[in-house]
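**Q** compute the structure for the input listed below.
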Amino acid sequence: MGGVDYGAYAATAPGMPAQAPVGPYDPVPGGGYAGAEAGQSYGGGYNYQQQPGYYPGAPEAPKQRNPVMLWGGIIGGVLAIAIVIGLVVLLQPSDPPKPDPGPGPVANSSGSTTVGGDNGGNTVAPGPDNNSTKATFNVAWNAPAPANTDATNQLLGIWGTDKYAVRVDSDGVKAYNLVDGKQAWNIPAPAGSKEVCSASYTSNSKNIAAVAFNTGDYDCSTIGAIDLTQGKLLWTVKATADRLSQPTLSVTDNVVAVGGNAVAGLNIATGQPAWQYQPRDKDCTMRARAAGNQIAISDRCYMTSGPKSQLVIVNADSGKPASSPITLTGTIEQVDAVIQDKPLVLLITNGPQGDYILPFDKDNKPGNQMSVKEPGSDSLRLTGQDSAFTRNVVSGNTMYVQVNPTKPAINAYDLTTGKRLWAASPGTASGSDIRLVTGTDKDGKVRAVVSQGYDKPSRLVTLSPTDGSMTDIGTVANANGKFDISMSTSVYFVSDDGNAVYAFRRYTSTDGPLTKWRK
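**A** Have a look, this model is predicted:
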């Protein structure tokens with residue numbers, strides 16, 4: 001591993017519009033490719049998420065269906081990790097709180113809830129509004145859109161500090177002041193790089209985060225560390241001699257963990273090698289997904305006396321196994337995505353009975369497999385393009401999934417049994433829609449933004465973990481005169497103090513990259 005020190009590389013003015021998002025592939029024995037990565041659609045039925053989605057599926061094209069979509073976390077193009085943890089805590093502006101404008105208008109509850117684990121359940125008519133002191137979230141600011149917008153400039157990551165909201169897309173890394181939304185600094189892809197490929201799900205306790213750069217031919221093995229406090233690219237190195245199509249990244253206080261068809265740890269201060277993971281046999285190929293302070297690695301071995309394929313969890317700081325190996329028996333069974341990191345929840349593809357979700361306990365012991373196929377309905381497609389950002393949230397033993405917008409709803413699943421607990425829909429009013437908010441509140445409850453129709457304020461609600469019933473937090477005012485979440489490609493966050501709502505656009509648009517609402 002060699003590298004160039006970019007310690008003096010300071011933030012610059014906004015760069016040129018990005019090129020189309022990278023569509024990486026993972027090499028497999030024989031020179032073929034495992035399939036399209038991260039959110040790219042290359043025909044043949046492929047439609048896999050960009051990083052954080054942690055990665056591609058099988059080489060065999062899946063049948064086209066009307067999938068149920070998830071989101072979760074942050075990065076590289078997609079994941080499903082509610083790993084934006086820490087972001088809502090850090091997005092606390094240092095400006096003094098503004099006076100509470102008073103309770104907002106009382107909107108009638110328009111949501112309905114389907115209850116029951118039989119995948120049918122009863123539709124419960126919504127009760128009256130149970131919160132007469134709801135707040136109104138008014139637009140605090142809209143970050144200005146770049147002079148030249150590019151619809152292919154895809155959101156790859158979201159980070160936060162006590163001063164900045166930071167957006168990573170294929171064009172670079174941009175920080176916006178929490179107080180006024182003005183751009184504080186910008187780090188475009190450095191010379192010799194075409195664009196940003198992927199980003200770590202979070203930053204560490206020292207506000208250091210990581211990105212991968214495409215240096216040509218979709219080789220994203222060049223990794224860089226970014227100091228979010230200073231707005232500087234600290235260093236870049238080539239993490240491995242292997243070509244990495246679109247690695248997943250995570251950061252600890254000690255290392256940048258790199259997971260893909262090669263696995264490595266880089267010293268967070270210098271970028272120098274901390275460790276390199278060696279496959280158990282020279283004829284093994286790997287697929288790895290970084291997951292906070294751990295990395296999930298599946299392999300496929302062709303000339304070994306042991307299991308043909310297995311899954312192991314590795315400590316990100318040391319590179320040493322943090323679990324006993326789990327034998328995988330499917331023909332091309334492999335880890336595809338990290339849905340949550342603490343405790344670990346993985347999406348495994350191509351098992352003997354199809355794709356499944358595999359939860360782990362705090363000691364990394366695997367629980368029961370949960371099939372992504374529900375009887376009588378389409379499979380949950382956890383690796384869709386949106387899955388890295390808020391299409392799913394895990395709280396306790398429950399996974400919340402935002403389903404296909406043709407029938408908008410949020411479903412809740414018991415990870416211990418795999419059963420659907422309930423489905424919450426936004427109602428039948430024209431233009432009604434519902435979107436998961438990233439993360440949970442201090443009580444572990446999931447929140448959602450519920451549309452009340454085009455050009456009308458939306459509702460911010462919490463969802464009951466027992467039956468999905470909605471409790472209003474407040475109304476979210478129109479941005480730029482219009483606010484229609486069914487047309488939106490935004491990722492929603494609520495600050496930890498509950499006083500602000502943020503919407504990060506997945507693609508740069510005339511609406512601007514970021515909007516903040518405040519009570």
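**Q** for V314, list the residues it contacts.
**A** 263, 277, 294-297, 320-322 (CB atoms under 8 Å, 6 or more residues apart in numbering). In this view, the C-beta of every residue, glycine as well, is placed from N, C-alpha and C.
**Q** list the buried residues for stretch 491-503?
**A** Residues of stretch 491-503 classed as buried: 491-496, 498-503 (neighbour count, 16 or more other CB atoms under 10 Å).
**Q** on that earlier part again, out of the contacts of V314, which end up buried?
**A** 263, 277, 294-297, 322.
**Q** from those, pick the one nearest G271.
**A** Distance to G271, by CB to CB, is smallest for V263 among these, at 16.3 Å.
**Q** hang on, the closest one packs against I297?
**A** Yes: the pair V263 and I297 passes the contact test of CB atoms under 8 Å, sitting 6.0 Å apart.
**Q** tell me, what's touching these two both at once?
**A** Between them, V263 and I297 share these contacting residues under CB under 8 Å, 6+ apart: 277, 286, 288, 314.
**Q** what residues are up against the nearest residue to the first one once chain neighbours are set aside?
**A** Looking back up the chat, that one is Y277. Nearest non-adjacent residue to Y277, counting by CB to CB, 6 or more residues apart in numbering: V263, 3.8 Å away. By CB under 8 Å, 6+ apart, V263 lies in contact with 276-277, 286, 288, 295, 297, 314, 319.
**Q** which of those residues fall in strands?
**A** 276, 286, 288, 295, 297, 314 (DSSP state E).
**Q** once you drop chain neighbours, what's closest to the fifth one?
**A** What that stands for is I297. That would be A288: by CB to CB, 6+ apart, it lies 4.3 Å from I297.
**Q** ends of stretch 249-264, what's the gap?
**A** With CA to CA, to the nearest Å applied, stretch 249-264 spans 10 Å between its terminal residues.
**Q** average pLDDT across it?
**A** Stretch 249-264 shows a mean pLDDT of 96.
**Q** what of stretch 309-321?
**A** 97.
**Q** thought V139 was touching A477?
**A** Yes: counting by CB under 8 Å, V139 touches A477, with 5.8 Å between them.
**Q** I'd guessed L244 sits against G259; true?
**A** No: the criterion here is CB under 8 Å, and L244 misses it with G259 at 9.3 Å.
**Q** name the nearest residue to A184, ignoring sequence neighbours.
**A** Nearest non-adjacent residue to A184 (CB to CB, 6+ apart): A175, at 4.4 Å.
**Q** these two touch, right, the one you found and V166?
**A** Yes: counting by CB under 8 Å, V166 is a contact partner of A175 at 4.8 Å.
**Q** neighbour count for those two, which is higher?
**A** V166 (28 against 24; other CB atoms under 10 Å).
**Q** partners of the helix or strand hosting the more buried one, with directions?
**A** Using DSSP states H and E, the element containing V166 is strand 164-169. Taking DSSP bridges as the criterion, strand 164-169 forms sheet pairs with strand 155-160 (antiparallel), strand 172-177 (antiparallel).
**Q** show me which residues of that strand are buried.
**A** Buried residues in strand 164-169 (16+ other CB under 10 Å): 164-169.
**Q** run through the stretch 51-200 of the chain and note the low-pLDDT ranges.
**A** 51-133, 148-152 (pLDDT under 70).
**Q** same deal with the stretch 201-350 of the chain?
**A** Those would be none, if you go by pLDDT under 70 across the stretch 201-350 of the chain.
**Q** swap the cut-off to 80 and go again
**A** By pLDDT under 80, the weakly predicted segments of the stretch 201-350 of the chain are 303-304.
**Q** if we can go back for a sec, need the max-distance pair from the contacts of V314.
**A** A296 and K320 (14.3 Å).
**Q** hey, C-alpha coordinates of stretch 323-333 in CSV?
**A** Taking C-alpha atoms only, stretch 323-333 is exported to CSV below (Å, rounded to 0.1, in the frame of the first residue of the first chain):
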residue,chain,number,x,y,z
SER,A,323,-17.2,-14.5,15.8
SER,A,324,-17.1,-18.2,15.0
PRO,A,325,-17.4,-18.9,11.3
ILE,A,326,-20.9,-19.6,10.0
THR,A,327,-21.2,-22.1,7.1
LEU,A,328,-23.2,-20.8,4.1
THR,A,329,-24.8,-23.6,2.0
GLY,A,330,-26.3,-21.8,-0.9
THR,A,331,-24.6,-22.0,-4.3
ILE,A,332,-23.6,-18.4,-4.3
GLU,A,333,-24.8,-17.4,-0.8
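**Q** turn the contacts of V263 into CSV, including distance to N254.
**A** Formatted as CSV, the contacts of V263 follow (distance: CB to CB, whole Å):
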residue, distance to N254
Q276, 15
Y277, 16
M286, 22
A288, 18
I295, 14
I297, 19
V314, 14
G319, 11
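**Q** surely D361 meets K342?
**A** No: with contact defined as CB under 8 Å, D361 does not count as touching K342 (11.1 Å).
**Q** what lines up beside the host helix or strand of L249 in the sheet?
**A** Using DSSP H and E, the element containing L249 is strand 248-251. Applying DSSP bridges, strand 248-251 is found paired with strand 255-259 (antiparallel).
**Q** can you list contacts of the strand it pairs with?
**A** Strand 255-259 has contacts (CB under 8 Å, 6+ apart) with 54, 200, 210, 212, 223, 225, 239-240, 244, 247-251, 264-268, 271, 274, 288-290, 293, 295-297, 316-317.
**Q** just the buried residues of stretch 234-242, please?
**A** Those buried within stretch 234-242 under the rule 16+ other CB under 10 Å are 234-240.
**Q** could you look up the SS state of P307?
**A** When classified by DSSP: H, G, I helix; E, B strand; the rest coil, P307 comes out as coil.
**Q** in the sheet, who's paired with the closest residue to it other than its chain neighbours?
**A** With sequence-adjacent residues excluded and distances taken as CB to CB, 6+ apart, P307 is closest to T327, at 4.5 Å. Per DSSP bridges, the residues bridged to T327 are Q310.
**Q** how far away is P465 from G418?
**A** 17 Å (CB to CB, to the nearest Å).
**Q** likewise N204?
**A** N204 is 34 Å from G418, by CB to CB.
**Q** now the helices: where do they sit in this structure?
**A** 87-90 (DSSP state H).
**Q** the closest residue to L228 other than its chain neighbours: neighbouring residues, count only.
**A** Among residues not flanking L228 along the chain, N207 sits closest, at 4.3 Å (CB to CB, 6+ apart). Here the number of neighbours of N207 (other CB under 10 Å) works out to 19.
**Q** who's in contact with N207?
**A** N207 is in contact with 161, 227-229, counting by CB under 8 Å, 6+ apart.
**Q** check A479 too.
**A** 139, 142, 503, 511, 515, 517.
**Q** let's see 7 Å
**A** 139, 142, 515 (CB atoms under 7 Å, 6 or more residues apart in numbering).
**Q** so which of these belong to strands?
**A** Going by DSSP E, the strands hold 139, 142, 515 from those.
**Q** and G192, how many neighbours?
**A** G192, neighbours per other CB under 10 Å, totals 11.
**Q** nearest residue to it in space, please, no chain neighbours.
**A** Per CB to CB, 6+ apart, closest to G192 is T215, 6.1 Å.
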